[in-house]
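Asker: Structure for the following, please:
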Amino acid sequence: MRMILVTMLAASAGCGGKGDDCQRFVDKSKPVLLGMGKDAGREVGEKELAQMVSICRSSDKAKADPVMKCVLDAKDESGVRACYGTAFGDYMSKAKRSEAELMLNSLSHIAKAEYVTNSEFPKGKAGPTPAKACCEQPEHKCAVVDDWAKDPVWTALGFSVDQPGMFQYTYESDGQTAKVTATGDLDCDGNFVTYTLEASAKDGEPQTTVTKPTTVD
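Answerer: Coordinates of the predicted model:
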């Protein structure tokens, strides 16, 4: 969230000499900024908003930022959201997706270690875990659950997600091959993305491949 706020402050810094426009820009942006802060787990209060106005007004830069112009020209809140969606959508999406990539990379190392130790991957099926879809939970995030410790397969892997996240995880293995998926609806709009980890062994050497998100209809 800090990176996003810094970027927004930098954007507002392109408003030199436009005091009224600066205030209008921040006022129109307020609902969107509050929502972005909530999603990132950080409160955006009046102090932060006033700081944006102050920086905008005191800037020596003369060139207006495209985000500011877009927001000022927007007819309603939906239009303002579209401005920020264009500017920050890609960053926000990548930040959300990084969770699954990190988790599957961690599982990749665990799976390899298990095969080297036991000459097989932990057998069985697990998931989806958490069982309840993230978009059906508060703040559209999967809460931390103890389901991981209750499932013998996840326990055998020593794997769990210990902070609120955006993905549900599944695992399936016959011992010699294994497949793990991380699936999430990042914007809760019905469009899912899936990361996949596939593990196999050749000549006693475990191998893993992580495939980046694909759209799920």
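
Asker: rest of the way, CA atoms for contacts and neighbours
Answerer: OK.

Asker: so which helix or strand takes in Val44?
Answerer: Here Val44, judged by DSSP states H and E, is contained in no helix and no strand.

Asker: which sections of this protein are below the confidence cut-off?
Answerer: Within the chain, the ranges that satisfy pLDDT under 70 run 1-19, 36, 38-42, 58-65, 86-97, 214-217.

Asker: Which stretches in the protein count as helices?
Answerer: Along the chain, counting by DSSP state H, helices occupy 2-12, 19-39, 46-58, 66-73, 77-118, 147-150, 152-157.

Asker: Compare those helices and give me the one nearest Glu172.
Answerer: Glu172 lies closest to helix 152-157 among these, at 9.1 Å (Cα to Cα).

Asker: contact partners of the closest one?
Answerer: Residues outside helix 152-157 that contact it (Cα atoms under 8 Å, 6 or more residues apart in numbering): 107, 110-111, 114, 122-126, 148-149, 160.

Asker: so which of those comes closest to Ser54?
Answerer: Ser160 (44.4 Å).

Asker: And for the closest one, the neighbour number?
Answerer: Using other Cα atoms under 10 Å, Ser160 has 19 other residues around it.

Asker: Look up how far Leu104 lies from it.
Answerer: 11 Å (Cα to Cα, to the nearest Å).

Asker: what do you get for Pro128?
Answerer: Distance from Pro128 to Leu104, counting by Cα to Cα: 14 Å.

Asker: do Gln176 as well
Answerer: Separation of Gln176 from Leu104 (Cα to Cα) stands at 18 Å.

Asker: Between these two, which has more neighbouring residues?
Answerer: More crowded of Gln176 and Leu104, by other Cα under 10 Å: Leu104, with 23 against 17.

Asker: How about the contacts made by that one?
Answerer: Counting by Cα under 8 Å, 6+ apart, Leu104 makes contact with 180, 182, 195-197, 210.

Asker: now, the most widely separated pair of those residues?
Answerer: Farthest pair in the contacts of Leu104 (Cα to Cα) is Ala182 and Val210. Separation: 10.7 Å.

Asker: intersection of neighbour lists for those two?
Answerer: Counting by Cα under 8 Å, 6+ apart, the common neighbours of Ala182 and Val210 are 104, 195-196.

Asker: how about CSV for those residues, with distance to Asp187 added?
Answerer: Listed next are the shared contacts of Ala182 and Val210 as CSV, based on distance: Cα to Cα, whole Å:
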residue, distance to Asp187
Leu104, 21
Tyr195, 16
Thr196, 20
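
Asker: thinking Thr129 is in contact with Thr170, fair?
Answerer: Yes. Contact criterion Cα atoms under 8 Å: Thr129 and Thr170 qualify, at 6.5 Å.

Asker: ok, the two, which is more surrounded?
Answerer: For Thr129 versus Thr170, neighbours defined as other Cα under 10 Å are more numerous around Thr129 (22 against 18).

Asker: Who does the more buried one form a beta bridge with?
Answerer: Assessed by DSSP bridges, Thr129 has beta-bridge partners Tyr169.

Asker: Spit out the contact partners of it.
Answerer: By Cα under 8 Å, 6+ apart, the neighbours of Thr129 are 147-148, 168-170.
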